[in-house]
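In: here you go, sequence then predicted model.
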Amino acid sequence: MAKAEVLCIGTELLLGDVLDTNSQYLAQQLALLGLNCFYRVTVGDNVGRILDCIVTALRRSDILITSGGLGPTADDLTTECLAQVFNAPLETDQQVLAFIESLFAARNIKMPKTNAKQALRPRGADILPNPVGTAPGMIWRLGPEELALIGIEADQSGQWPVKTILTFPGVPRELKGMWEETARGYLEKTYAGGTIWSTELKHYGIGESALAEKFAHLLDLANPSVAPYAGNWECRLRVAAKANSVVEAQALAQPVIDEIKAGSGVTCYGHDGDTLESVVGELLSAQRLTIALAESCTGGLISERLTGIPGSSRYIMLNAVTYSAEAKQKLLGVSAELLAAHGAVSPECAKAMAEGIRAVSGCDIGLSVTGIAGPDGGSEEKPVGLVYLGLSVGQKTGEPLYFARTLRLGKRLGRNEIRWRTAQEALNMVRLYLISPEHLSV
């Protein structure tokens, strides 16, 4: 199986000023083509170090994919460095230059002279078209002369290895467009042998170690493979399978996926692009239920996540951020006597908020959140990280149902993490109710 390497170029990546999403995307795409990606390297805008990375990558990998360094400024060095490695003169591609000039002309802007640099390519390299930007890349299938310059020789039968360089701009939108239009087809035709298909089964309400222990017997499988991951207050099990086609790989992985889902129960809430808010939205839509939110310490975070889902207007009628005691009284009908007796951060207030927002909105479900996110404002009795959740559900007959949850998250998490974790718990609380009220205690 061919080996690929991703080299991301840019000092801004090393400094952390720009988040590198390109290498993640490229690694995922290479896996879909069945190409191994053993190295992902990041290097700054330094000629010597870029040259070292290029030579090292080509000696150990069949495919070198670079991202970044194709712009018009002096610190965009990728094309020049590749030309230097192989002693190839830089030539101006007149068609590319005319195309770049036309882009500026269309906006009635005179093209800066520096942009002509983007039309340069080393002799022997082909252009990798850029359908959405000014900077094209290159596809350079190296010949014996270029390979010999970096110490690569033919095998005993006289066959030279097939080595290819593909360069992309650092702008993710442009990179993806170039990949889809040209690069993927070239690699599929030249190198691909089979494919790797994978899916991530997302879990909430169980820790990474507990999840790994539950499915320990699956973690040693080779094909399909199973690997645990954790992050953002949830856990995932990635199932990956290698086969000649995506259909065959999916079929190979399906029994393992079914076993994990059966063993996980309600802790497995979705897969891949699913989020707690998207799953809650699907459940609300399927059951034709509506929800209203009254948030205090989360400041509208839960509302933002739910309304970020397309079509959420079908199930969201009214959301309110009732941060102050006055807002809780005026908008939700929480009594002054209740607030005086128990305080805004209390199970009694959470219940009154949930019932109040449900009554005001006329929705089927009212969700409330009240707590202390910090970093200040806590006390020994009510420390930072104490949060109360309330869920009021109207019934066609009989009294409404009410479910409560208390979180003690601790000050060490910090304000943002307390708010995020609270939102996760609140969304999961709604999800569990919608699956079956039995998963929550009244």
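Out: Yep, that arrived. Numbering: from 1, shown residues only.
In: can I assume residue 130 sits in a strand?
Out: No - Residue 130 is assigned coil when assessed by DSSP: H, G, I helix; E, B strand; the rest coil, not a strand.
In: list the residues that contact the nearest residue to it once chain neighbours are set aside.
Out: Leaving aside its sequence neighbours, residue 130 sits nearest to residue 136 (C-beta to C-beta, 6 or more residues apart in numbering; 4.6 Å). Just so you know, the C-beta spots here come from the backbone N, C-alpha and C atoms, and that holds for glycine as well. Neighbouring residues of residue 136 by C-beta atoms under 8 Å, 6 or more residues apart in numbering: 70, 93, 96, 118, 119, 127, 128, 129, 130.
In: quick check on residue 136: phi, psi?
Out: Per-residue torsions, residue 136: phi -80, psi 170 (degrees, to the nearest 10).
In: list the contacts of residue 63.
Out: Residue 63 sits in contact with 2, 3, 4, 5, 35, 163, 164, 165, 166, 187, 191, where contact means C-beta under 8 Å, 6+ apart.
In: any chance of a markdown table for the residues you listed, columns secondary structure and pLDDT?
Out: Listed next are the contacts of residue 63 as a markdown table, based on DSSP: H, G, I helix; E, B strand; the rest coil; pLDDT from 0 to 100:
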| residue | secondary structure | pLDDT |
| --- | --- | --- |
| 2 | coil | 88 |
| 3 | strand | 94 |
| 4 | strand | 96 |
| 5 | strand | 97 |
| 35 | coil | 88 |
| 163 | coil | 96 |
| 164 | strand | 97 |
| 165 | strand | 98 |
| 166 | strand | 98 |
| 187 | helix | 92 |
| 191 | coil | 87 |
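In: who wins for neighbours among the contacts of residue 136?
Out: residue 70 (28 neighbours; other C-beta atoms under 10 Å).
In: name the SS class of that residue, please.
Out: Going by three-state DSSP: residue 70 is coil.
In: what's the answer for residue 45, then?
Out: Going by three-state DSSP: residue 45 is coil.
In: which residue, neighbours along the chain excluded, lies closest to it?
Out: residue 75 (4.4 Å).
In: doesn't that neighbour fall inside a strand?
Out: No - assignment of residue 75 by three-state DSSP gives coil, placing it outside any strand.
In: what is the host helix or strand of residue 326 packed up against?
Out: When elements are assigned from DSSP states H and E, residue 326 belongs to helix 325-332. Helix 325-332 sits against strand 291-295, strand 316-321, helix 336-342, helix 347-361, with contacts defined as 3 or more C-beta pairs under 8 Å, 6 or more residues apart in numbering; DSSP states H and E.
In: do that again at 10 Å, thanks
Out: With contacts defined as 3 or more C-beta pairs under 10 Å, 6 or more residues apart in numbering; DSSP states H and E, the packing partners of helix 325-332 are strand 291-295, strand 316-321, helix 336-342, helix 347-361, strand 365-371.
In: hmm, residue 296 and residue 349 touching each other?
Out: Yes - taking C-beta atoms under 10 Å as the definition, residue 349 is a contact partner of residue 296 at 8.5 Å.
In: picking up where we left off before, for residue 25, find the nearest of the helices and strands packed on helix 325-332.
Out: Nearest to residue 25 among these is strand 316-321; the distance by C-beta to C-beta comes to 31.9 Å.
In: mean confidence for the closest one?
Out: Per-residue pLDDT values over strand 316-321 give a mean of 95.
In: that strand pairs with which strands, and in what direction?
Out: Sheet pairing of strand 316-321 (DSSP bridges) gives strand 291-295 (parallel).
In: coming back round to it: name the residues that touch the helix holding residue 326?
Out: Applying C-beta atoms under 10 Å, 6 or more residues apart in numbering, the external contacts of helix 325-332 come out as 294, 296, 318, 320-322, 324, 334-336, 338-340, 343-344, 349, 352-360, 366, 368, 370.
In: try 8 Å this time
Out: Helix 325-332 has contacts (C-beta under 8 Å, 6+ apart) with 294, 296, 320-322, 334-336, 339, 344, 349, 352-353, 356-357, 360.
In: pick the one among those residues closest to residue 234.
Out: Within these, proximity to residue 234 (C-beta to C-beta) peaks at residue 296, which comes in at 23.8 Å.
In: so who does the nearest residue to that closest one once chain neighbours are set aside touch?
Out: Nearest residue to residue 296, sequence neighbours excluded (C-beta to C-beta, 6+ apart): residue 370, at 4.2 Å. Counting by C-beta under 8 Å, 6+ apart, residue 370 touches 296, 297, 344, 345, 346, 349, 350, 353, 387, 388.
In: partners of residue 370 in the sheet?
Out: Beta-bridge partners, per DSSP bridges, of residue 370: residue 388.
In: do the same with residue 66
Out: Counting by DSSP bridges, residue 66 forms beta bridges with residue 7, residue 167.
In: how close does it get to residue 54?
Out: 8 Å (C-beta to C-beta, to the nearest Å).
In: any shared contact partners between the two?
Out: Common neighbours of residue 66 and residue 54, using C-beta under 8 Å, 6+ apart, are residue 7.
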